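**Q** just the structure for this:
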Amino acid sequence: MAGSDARRKVIDRSGNRRMPVGVADFADAIQNCVVIDKSKLIADVATRGAKVTLFCRPRRFGKSLAMSMLRYYFEKPVEGIRTRAYPGLFDGLAVMDAAPEVLAMHQAHPVIFLTLAQVEGADWEETRDALAMVMADEYGRHRYLLEGDTLAGDQRGYFHRVLSAQEPESDLRYTLSRLCGFLGTYYGVPPVILIDEYDCPIISAHNEDKKHDKGYYDACIRFMRMWLGRALKAGTDYQLACLTGVQRVSHESIFSGLNNVDVDTALNHLYREGFGFVDAEVEELLAYVGRPDTMDEVRTWYDGYNFGGEGVYNPWSVINYVRSGFQPGSYWSNTSGNAILKDLVANADAQTREQVVELADGRSVEHELNLGTVFGDMRTNPEAVWSQLFLAGYLTTDDVWNPDAARAVRPMRIPNHEVRESYRIEIVDRARAISGGRGNLERLQDAVVAGDLEAFGEALDQVLGHAASFHDLTLEESYHDLLLGLLYQVRGYRYVRSNREEGLGRFDLRLDPLPENVGRLPVVVVEAKRLSPKVARGVGGEGLQKVLAPLAAEGLAQAKRLGYARSCAEGPGEEPDGTIAPAQALAWGIAFRGKTFYAACERL
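**A** Predicted coordinates for the structure are as follows:
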């Protein structure tokens, strides 16, 4: 494809500068909207030799528009049936520089085009019926087959049963493979199969099974394996097939028996520019709409994904940013309930929640990244959640070496400011929930910073009475986790840090002021202690307070003795040896037993 790199990527044939928000039809987009030319994907799919290609990318990264583009390029018009052949649709696009064999495929094949985005339900029966309607619509689009003489009598009967959307499941299993055969016979050339969002039924099944445990997920997996397997197996007469989704779903053997599937994820490099926008494309787009000065803001908010070694922007957010008058916002995050992120924050253990806070603070965490994991794996394998967050677009990695290494441990990070806001919101919402509301959470945080023992005690009493179960507070880590959530995003401070080496030991929690607040706000160090059951046995009421008091004092002394507040000032208040000037640090020691606590505080 010589010369394609120098070709203009921003296309606006209408000249109206309309952003294609919510436009999934390629003909509509290319004729009426501003689009980024991604047509090189057509040539790549046609020439790279894979019989079946599965593209796994996060939602809203241009998968549906790409599949529509493939359909318009490959689909052969039918005289008298599809009267619009859309002449000139691809004129001036990169695909027109492709090799002759690619150009020969233009409007030369019948196409089966399915989107499973709405194939979902409360149980398997509802989902099966939704799929039957999708197949009825696609059979209806090819109703002209009934007017020809290539269908035998029993095939016509089957065709009519599918059109009714009332066929039994035994017939539904063959709808894809049989339509493939019908079209190949009619045209004399093999069809192209395009299935957008193939994993939506599986995701729906997982979510409903998690709520009701009704076996919906297993039934869905069994059906999809048969439905796809019969159509895509070796020996079936089709030209090529492309599927898109978020999930790879290989572990469930959806593609069992198929050795011709090329799975392309965000780790792979072959199609790395096919989905999402790269830096040069965003620069050209912003220049076209007259706002090149916003490039740095767009980069901060929406860049940061690494697809096969290429830096990638979230396309949905970029076009919404332009459409909304160049106002930054959480456009991508707001199109979903962020269910997987909510589950992670709500159900994580102390170590995982600590890592979530580290991610929100701009750091990375290392975990095994296995893209063959599916939602069902999270029931039995807590590590699977990190792979799911990566697939869903909530994490990215710069380690894309050896993408097929299923057990590779890779550093992962939040890609950009927009996604970081999603983490922040979930963490803050959880903190408010466990604290009894925003007001009490802010009172507790203000008291910690001010060293106000009385206000802190009242606020923490409400927390322990409102949200914490006595049975959940059985380990010192339980209290540490509770305080970690409560001290997340304190006004005027960086994100809370946890279990880090400082001085001569490791502090439990520490709050460091933002650079502009150093010298005005104190560094805060918190040590949490739990009274052992053996010591607490038979002690209650005021007696328990008396036993907890020296334990809190021990935590306070530990913070002072081991220098947990050292080396944490930059600017006003910093002493020559790197320690904090007097009155610029606060140490808290808090001792717990069940829902009873004793707190001590001292300025260092």
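
**Q** which residues does the one helix or strand L344 maps to contact?
**A** Element membership for L344, per DSSP states H and E: helix 339-347. Residues external to helix 339-347 that are found in contact with it (C-beta atoms under 8 Å, 6 or more residues apart in numbering): 207, 352-353, 356, 385, 388-389, 392, 394, 422-423, 426-427, 430. Heads up, the C-betas are built off the backbone N, CA and C, glycines and all.

**Q** among those residues, name the ones in strands.
**A** Secondary structure from DSSP state E places none of those in strands.

**Q** closest to L562 among the residues you listed?
**A** Within the contacts of helix 339-347, distances to L562 taken as C-beta to C-beta reach their minimum at R353, with 24.4 Å.

**Q** just give the closest residue to that closest one, not the sequence neighbours.
**A** Among residues not flanking R353 along the chain, D481 sits closest, at 5.9 Å (C-beta to C-beta, 6 or more residues apart in numbering).

**Q** got phi/psi on that neighbour?
**A** When quoted as degrees, to the nearest 10, the phi and psi of D481 stand at phi -60, psi -40.

**Q** all the helices of the stretch 301-450 of the chain, residue numbers only.
**A** In order along the chain, the stretch 301-450 of the chain carries the following helices (DSSP state H, counting those that start in this stretch): 315-323, 339-347, 350-360, 384-392, 417-435, 438-450.

**Q** picking up where we left off before, which residues touch the residue nearest to R353?
**A** In this structure, D481 makes contact with D349, A350, R353, E354, judged by C-beta under 8 Å, 6+ apart.

**Q** any chance of the helices of the stretch 301-450 of the chain in a markdown table, plus mean pLDDT, mean neighbour count and distance to E281?
**A** Formatted as a markdown table, the entries for the helices of the stretch 301-450 of the chain read as follows, by pLDDT from 0 to 100; neighbours: other C-beta atoms under 10 Å; distance: least, C-beta to C-beta, whole Å:
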| stretch | mean pLDDT | mean neighbour count | distance to E281 |
| --- | --- | --- | --- |
| helix 315-323 | 97 | 23 | 9 |
| helix 339-347 | 77 | 17 | 28 |
| helix 350-360 | 84 | 20 | 28 |
| helix 384-392 | 88 | 22 | 23 |
| helix 417-435 | 86 | 20 | 18 |
| helix 438-450 | 94 | 19 | 41 |
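
**Q** what would the ones you listed look like in CSV with distance to F507?
**A** Written out in CSV, the entries for the helices of the stretch 301-450 of the chain read as follows (distance: least, C-beta to C-beta, whole Å):
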stretch, distance to F507
helix 315-323, 37
helix 339-347, 23
helix 350-360, 13
helix 384-392, 26
helix 417-435, 20
helix 438-450, 14
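
**Q** rewinding a little: N320: which of the contacts of helix 339-347 is nearest?
**A** Using C-beta to C-beta, the shortest approach to N320 within the contacts of helix 339-347 belongs to S422, at 15.3 Å.

**Q** that older thread, report the two of the contacts of D481 separated the most.
**A** Distances among the contacts of D481 were taken as C-beta to C-beta; the most separated pair is D349 and E354, at 9.1 Å.

**Q** all strands in the stretch 151-300 of the chain, in order from the N-terminus.
**A** Assigned by DSSP state E, counting those that start in this stretch, the stretch 151-300 of the chain shows strands spanning 192-196, 240-245, 261-264.

**Q** and the longest helix seen in the chain, average pLDDT?
**A** Longest among the helix segments of the chain by residue count, using DSSP state H, is helix 541-561. Averaging pLDDT along helix 541-561 gives 86.

**Q** pull that helix out as PDB, backbone CA atoms only.
**A** Only the C-alpha atoms of helix 541-561 are listed here, as PDB (Å, rounded to 0.1, in the frame of the first residue of the first chain):
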ATOM      1  CA  GLY A 541     -16.500  -1.500  78.600                       C
ATOM      2  CA  GLU A 542     -14.000   0.900  80.200                       C
ATOM      3  CA  GLY A 543     -11.700  -1.900  81.000                       C
ATOM      4  CA  LEU A 544     -11.300  -2.500  77.200                       C
ATOM      5  CA  GLN A 545     -10.500   1.200  76.700                       C
ATOM      6  CA  LYS A 546      -7.800   1.000  79.300                       C
ATOM      7  CA  VAL A 547      -6.200  -2.000  77.600                       C
ATOM      8  CA  LEU A 548      -6.400  -0.400  74.200                       C
ATOM      9  CA  ALA A 549      -4.800   2.900  75.300                       C
ATOM     10  CA  PRO A 550      -1.200   1.600  75.700                       C
ATOM     11  CA  LEU A 551      -1.500  -0.300  72.400                       C
ATOM     12  CA  ALA A 552      -2.400   3.000  70.600                       C
ATOM     13  CA  ALA A 553       0.500   4.700  72.400                       C
ATOM     14  CA  GLU A 554       2.700   1.900  71.100                       C
ATOM     15  CA  GLY A 555       1.700   2.700  67.600                       C
ATOM     16  CA  LEU A 556       2.300   6.400  68.100                       C
ATOM     17  CA  ALA A 557       5.800   5.600  69.600                       C
ATOM     18  CA  GLN A 558       6.600   3.300  66.700                       C
ATOM     19  CA  ALA A 559       5.800   6.100  64.100                       C
ATOM     20  CA  LYS A 560       8.100   8.500  66.000                       C
ATOM     21  CA  ARG A 561      10.900   6.000  66.800                       C
END
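
**Q** does anything pack onto it? Which helices or strands?
**A** Using 3 or more C-beta pairs under 8 Å, 6 or more residues apart in numbering; DSSP states H and E as the contact criterion, the secondary-structure elements in contact with helix 541-561 are strand 523-530, helix 533-536, strand 585-593, strand 596-603.

**Q** who wins for proximity to L93 among the helices of the stretch 301-450 of the chain?
**A** The stretch from the helices of the stretch 301-450 of the chain with the least distance to L93 (C-beta to C-beta) is helix 315-323; that distance is 17.2 Å.

**Q** thinking again about what came up before, which one of the contacts of D481 is nearest Y86?
**A** Nearest to Y86 among these: R353, at 52.3 Å, using C-beta to C-beta.

**Q** may I ask you to confirm that the closest one is in contact with L486?
**A** No - the pair R353 / L486 is not scored as a contact, 11.8 Å apart, by C-beta atoms under 8 Å.

**Q** and A552, how many neighbours does it have?
**A** Counted with other C-beta atoms under 10 Å, the neighbours of A552 add up to 24.

**Q** dump the residue contacts of it.
**A** K529, G589, I590, A591, Y598, A599, A600.

**Q** likewise G245?
**A** If you count contacts by C-beta under 8 Å, 6+ apart, then G245 has L54, F55, C56, K63, E197, Y198, D199, C200 around it.

**Q** re earlier: common neighbours of R353 and L486, please.
**A** Common contact partners of R353 and L486 (C-beta under 8 Å, 6+ apart): none.
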